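Chemist: when you get a sec, could you give me coordinates for this:
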Amino acid sequence: MTTRIFATVKPEILEWARTSAGFGLDAAATSLKLNVEVLTLWEQGEGSPSIPQLRSLATLYKRPLAVFYLQEVPRKFQVLSDLRRTRPGEDLAFSPALTQEIRAAQQRRSLAQELASDLGEQIEPFRFRVGADSPDEAGEAIRQLLGLRVDTILQFGRDPTGRVAFNTWRSAIEDAGVLVFQSSKMPQAEASGFALAYDEMPVVVVNRKDAPQRRVFSLLHEFAHVALRESGVSDLRLHRDQAVENGDVEMRCNSIAASALMPLDAVNVEYQGAISDEGGLTDVAISRIARRFGISRPALLLRLVRAGRATWDFYFEKDAQYKAEYERERANRKPLPDMKRNIPQESLSDLGRPFIGLVLDNFHQRNITLGDVAGYLGVRVKHIETIERRMAI
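Modeler: As a prediction, the model looks like this:
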């Protein structure tokens, strides 16, 4: 007869592990194939999971098994409590997927700090801030900080994919001392990105599921969060009540991002050359101007509203039109054939050169092993040589 061994774990640890992973009681119980009353009783201290059940909890919540034997809630693992949501009047909980991506970004930042310290590198504080500056003033200050001239920005239109624009802005932001990660695990409907606005090694994460042109705006939106020292989670979907709310942080970040990406003088020149004989903007003109700056059409329209060249009614009308077009296109899109994943390129895209550089430099200084490198980058050892070659390009 097999004796069933139960885990000695504090109920507050069980509750913390679940909630910090973004699971409600019902969702966790369903995933674990448990009765919700059983899970509730465990978290109330009435009964305990068996060792196999505890392993299932650890797997679902993505926690090391040892964490469950701590005597108190590990505060350092808490998801930032001041992350803001973007929908006014709604108290939106983070999904487990988004919660885990926020936690992963925090952990990568902590690891980057440790790796820099092991190399004897001094981490410079991120001093750039925008306060009461107008969006145009803030946008100009961002372009000066990042060293991106207007003539450079206007060259982005030569690349219809938007990747040149994204990679150029990203590299400049990384050079300024910000860790930029991409994630393909965040639900598109929930978040276009988030920012962890630390004074040292701040973090920006953008959703890699979005098109590059949309990611460009997300990148600058989250950078604005960092410059304002306002951590936040954003989905970039505007609501009419936000459009008239001057104190809304998300709207301020939108305005700053639009101003940085599209200098006012250049926008006015492009607008004057694009208006129709009737004095309006056609869809063709909107698309052409957006491509010129390497950004999405809604981002351009937002800039035009702020520049007094379009109304909010026009913005929301066109935004709804573009969403409907996208849904129709997606419904009619033929499935792509399965393609072999390019793991080294994915690693570079997701983790960025600064983070990977710190990992590889520590390896060459014999501070960490090849196995450590694989673990930190989330790849197999066989991919590391290719990653290093790509880093040199």
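Chemist: mind listing the strands for the chain?
Modeler: Ranges of strands within the chain are 179-183, 193-196, 203-207, 232-234, based on DSSP state E.
Chemist: in terms of secondary structure, what does the third one contact?
Modeler: Looking back up the chat, that one is strand 203-207. helix 96-118, strand 179-183, strand 193-196, helix 212-228 (3 or more Cβ pairs under 8 Å, 6 or more residues apart in numbering; DSSP states H and E). The way it works is simple: take the backbone N, C-alpha and C, and place the C-beta from them, glycine included.
Chemist: how about those, which one is nearest residue 142?
Modeler: helix 212-228 (7.0 Å; Cβ to Cβ).
Chemist: could you check the angle that closest one makes with strand 179-183?
Modeler: With axes from the mean of the first three to the mean of the last three Cα atoms, to 10 degrees applied, the angle from helix 212-228 to strand 179-183 works out at 140 degrees.
Chemist: how far out from the middle of the chain is helix 212-228?
Modeler: Chain-centre distance of helix 212-228: 9 Å, with Cα atoms, centre = their mean, to the nearest Å.
Chemist: ok and that helix relative to strand 203-207, angle-wise?
Modeler: 160 degrees.
Chemist: which strands and helices sit next to helix 212-228?
Modeler: For helix 212-228, the packing partners by 3+ Cβ pairs under 8 Å, 6+ apart are helix 135-146, helix 163-175, strand 193-196, strand 203-207, strand 232-234, helix 249-261, helix 297-306.
Chemist: if we use 7 Å, what do you get?
Modeler: helix 163-175, strand 193-196, strand 203-207, strand 232-234, helix 249-261 (3 or more Cβ pairs under 7 Å, 6 or more residues apart in numbering; DSSP states H and E).
Chemist: so which of these gets nearest residue 46?
Modeler: strand 232-234 (35.1 Å).
Chemist: verify the stated contact: residue 161 with residue 212.
Modeler: Yes. The pair residue 161 / residue 212 is scored as a contact, 6.0 Å apart, by Cβ atoms under 7 Å.
Chemist: comparing those two, which residue is more hemmed in?
Modeler: Remark: of residue 161 and residue 212, residue 212 carries more neighbours, 20 against 11, as counted by other Cβ atoms under 10 Å.
Chemist: state the pLDDT value of the more buried one.
Modeler: Per-residue confidence at residue 212 stands at 94 (pLDDT).
Chemist: just send the helices and strands packed on strand 203-207 back as CSV, with distance to residue 344 too.
Modeler: Below are the helices and strands packed on strand 203-207 laid out as CSV (distance: least, Cβ to Cβ, whole Å):
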stretch, distance to residue 344
helix 96-118, 18
strand 179-183, 15
strand 193-196, 24
helix 212-228, 19
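Chemist: spatially nearest residue to residue 371 (excluding sequence neighbours)?
Modeler: residue 381 (7.1 Å; Cβ to Cβ, 6 or more residues apart in numbering).
Chemist: ditto for residue 17
Modeler: residue 61 (4.6 Å).
Chemist: so how far is residue 45 from that neighbour?
Modeler: 19 Å (Cβ to Cβ, to the nearest Å).
Chemist: spell out which residues make up each domain of this structure.
Modeler: 11-69, 99-266, 343-391 (automatic domain parsing).
Chemist: picking up where we left off before, how close does the residue nearest to residue 371 get to residue 362?
Modeler: The gap separating residue 381 from residue 362 is 16 Å, by Cβ to Cβ.
Chemist: what does residue 256 give?
Modeler: 35 Å.
Chemist: swap in residue 67?
Modeler: In terms of Cβ to Cβ, residue 67 sits 25 Å off from residue 362.
Chemist: what does residue 18 give?
Modeler: 34 Å.
Chemist: kindly report the same for residue 186.
Modeler: Residue 186 is 28 Å from residue 362, by Cβ to Cβ.
Chemist: between the two, point out the one with more neighbours.
Modeler: Between residue 186 and residue 362, counted using other Cβ under 10 Å, the more crowded position is residue 186 (27 against 20).
Chemist: what is the neighbour count of the closest residue to the more buried one other than its chain neighbours?
Modeler: Excluding the flanking residues, the one nearest residue 186 by Cβ to Cβ, 6+ apart is residue 207, at 4.9 Å. Per other Cβ under 10 Å, the neighbour tally for residue 207 reads 25.
Chemist: beta-bridge partners for residue 207, please?
Modeler: residue 183 (DSSP bridges).
Chemist: thinking again about what came up before, which stretch in the domains of the chain has the least confidence?
Modeler: domain 11-69 (a mean of 87).
Chemist: picking up where we left off before, so which of the helices and strands packed on strand 203-207 comes closest to residue 337?
Modeler: Once the helices and strands packed on strand 203-207 are compared by Cβ to Cβ, helix 212-228 is nearest, at 21.7 Å.
Chemist: what are the contacting residues of that closest one?
Modeler: 128-130, 142, 161-163, 165-166, 169-170, 173, 178, 192-195, 197, 202, 204, 206-207, 210, 231-232, 234, 236, 253-254, 256-257, 260-261, 294-296, 299 (Cβ atoms under 7 Å, 6 or more residues apart in numbering).
Chemist: how about the strands of the chain in a markdown table, adding distance to residue 54?
Modeler: Below are those laid out as a markdown table (distance: least, Cβ to Cβ, whole Å):
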| stretch | distance to residue 54 |
| --- | --- |
| strand 179-183 | 28 |
| strand 193-196 | 30 |
| strand 203-207 | 30 |
| strand 232-234 | 30 |
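Chemist: deepest-packed of these, please.
Modeler: Greatest average neighbour count among the strands of the chain goes to strand 193-196 (a mean of 28), per mean count of other Cβ atoms under 10 Å.
Chemist: neighbouring contacts of that one?
Modeler: So strand 193-196 is contacted by 80, 83, 102, 105-106, 109, 202-207, 218, 221-222, 225-226, 231-234 (Cβ under 7 Å, 6+ apart).
Chemist: send me it as CSV with only the CA atoms.
Modeler: C-alpha atoms of strand 193-196 as CSV (Å, rounded to 0.1, in the frame of the first residue of the first chain):
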residue,chain,number,x,y,z
GLY,A,193,3.9,46.5,-24.0
PHE,A,194,4.9,47.6,-20.5
ALA,A,195,7.6,49.7,-18.8
LEU,A,196,9.4,49.2,-15.5
